[in-house]
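Peer 1: I'd like to go over a predicted model; first the sequence, then the structure.
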Amino acid sequence: QVRMVETGGGLVQAGGSLTLSCAASGRTDRRYAMGWFRQSPGKEREFVAAIGWSGASTRIGDAVKGRFTISRDTARITVFLRMSSLKPEDTAVYYCAEAFGGSPSEDSSAYSNWGQGVQVTVSS
């Protein structure tokens, strides 16, 4: 069974940077896109970023465009979300997920396997 393992959350000051990692533990078939979504209290889950299985194609959400980047390691098992110029409104639980088929998607329903989420808190 594949388990999504997220690490790297924490508390950071506004303007700072943080990198989240997500590893698909137990994954052997690498033809999976991976994505990051976030949710804060009282709000719906929001698309953040996604990357195709090869790493060649990415999508970035409008709210974080120009500040966040997504990449994956050469083994295509671990995905990194590098967040910079963080704002208090970036405070949320960040979830990693994978989608079979390889193409990055902004639609959360395309993802079938979700992690537990990590808390990111940006103080003003």
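Peer 2: Yep, it's here. Residues are numbered from 1 along each chain as shown.
Peer 1: host element of the most centrally placed residue in the chain?
Peer 2: Residue closest to the average C-alpha location in the chain (CA atoms, centre = their mean): W36, at 2.5 Å. If you go by DSSP states H and E, W36 is part of strand 32-39.
Peer 1: ok, now which ones touch the nearest residue to the residue nearest to the centre of the chain once chain neighbours are set aside?
Peer 2: By the measure of CB to CB, 6 or more residues apart in numbering, the closest residue to W36 outside its immediate chain neighbours is V48, 4.2 Å from it. (C-beta placed from N, C-alpha, C; glycine too.) Listed by CB atoms under 8 Å, 6 or more residues apart in numbering, the contact set of V48 reads 35-38, 60-61, 63-64, 68, 81, 94.
Peer 1: Confirm for me that S57 is in contact with I51.
Peer 2: Yes: judged on CB atoms under 8 Å, S57 makes contact with I51 at a distance of 7.1 Å.
Peer 1: okay, and the common contacts of these two?
Peer 2: P104.
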